[in-house]
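S.K.: requesting a structural model of the entry that follows:
(one chain, ligands or ions: 1)
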Amino acid sequence: MAHYRMPILEETGYVVLDRFERVVDPSEWMSLEYVDWKSSGDTRFAPIASATGEIECNAFWHFDPPRDDKDGVWIDSQAAKAPTLVQRVKEVDARVGRCRVIELQPNSYADALYNSHLDDNNRRNPDGEGWVIRSFMQLTDNPDSYMILREDIDDPSTETRLALPAGAQLIVDSERMWHSVWHVDDKPRYCLINSFESGPALEKWLFERNPVAKVESAHMDERFARESEAEAQQRRAARTERYGYDPSRVYSEM
Ligand SMILES: [Fe+2]
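M.R.: Here you go, the predicted model:
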């Protein structure tokens, strides 16, 4: 498969950008219509762009004709409630696929490892087009919560923890990097997520925002890490036994 991939993601599979500076009124995400959707952890989604412009979260290959995760259709009723979020996505002159706000309830580090998965961003992506990656923009201010990335879910040494203060902007090759969020708070976390096609327009936008491709993880107590790892791996193994396969290794539709 020959897709254009951005060199800046090659080393670590992610980049951290300057924080989004504009103030977003919380009503932009709180007034959206949310739907329950299978995902990692206790979550709901508010789609803003979908395959056909309906309020639903299905991957675009489920539709007739099936297609790849590009050219999402803006949902008028949702987009009208979130003008700053829509503008933020549209300001990148790249093709946009799924776009939604995710709501995640507080969880533990072990939960995050249990929920970690790979996305299915490039099914039906035609040869010669750009590799589809994910953009994350943190909405709530959760500086003690982390996006947990791993190159190998079974190898803690491959982990990076990216803090999630309000406006944090991350670009992740989420089909390569195992990912999930460890959310430490007593209220839900909200984040804007969308698919973008890799290409010169997206690269230009990235380079205007001082992309950092390698971030030092915040310190974590060794014993806590070891115990959480053991708990998560035990729960992952039990789930694999229950299903007869590891569902998190089957590329998810999230
Ligand atoms: Fe995901």
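S.K.: skipping its backbone neighbours, what lies nearest residue 3 in space?
M.R.: residue 131 (4.2 Å; CB to CB, 6 or more residues apart in numbering). (Glycine included, C-beta is placed from N, CA and C.)
S.K.: count the neighbours of the one you found for me.
M.R.: 21 (other CB atoms under 10 Å).
S.K.: now residue 58
M.R.: Neighbours of residue 58 (other CB under 10 Å): 15.
S.K.: nearest spatial neighbour of it, skipping sequence neighbours?
M.R.: Nearest residue to residue 58, sequence neighbours excluded (CB to CB, 6+ apart): residue 51, at 6.3 Å.
S.K.: what about stretch 195-205, average pLDDT?
M.R.: Taken as a whole, stretch 195-205 has an average pLDDT of 98.
S.K.: equivalent analysis for stretch 210-229, please.
M.R.: Computed over stretch 210-229, the average pLDDT equals 96.
S.K.: SS state for residue 84?
M.R.: Following DSSP: H, G, I helix; E, B strand; the rest coil, we place residue 84 in the helix state.
S.K.: next up, phi/psi of residue 115, please.
M.R.: Phi and psi for residue 115, reported as degrees, to the nearest 10, are phi -80, psi -10.
S.K.: from what I can see it touches residue 179, true?
M.R.: No. Applying CB atoms under 8 Å, one finds residue 115 not in contact with residue 179, separated by 9.3 Å.
S.K.: ok, the two, which is more surrounded?
M.R.: residue 179 (29 against 25).
S.K.: helix or strand: which one has the more buried one?
M.R.: Assigned by DSSP states H and E, residue 179 falls within strand 178-182.
S.K.: dump that strand to PDB, keeping only the CA atoms.
M.R.: Extracted in PDB, the C-alpha atoms of strand 178-182 (Å, rounded to 0.1, in the frame of the first residue of the first chain):
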ATOM      1  CA  TRP A 178      -1.800   2.200  20.900                       C
ATOM      2  CA  HIS A 179      -3.800   4.900  22.600                       C
ATOM      3  CA  SER A 180      -6.200   5.700  25.400                       C
ATOM      4  CA  VAL A 181      -6.700   8.400  28.000                       C
ATOM      5  CA  TRP A 182      -6.100   8.200  31.700                       C
END
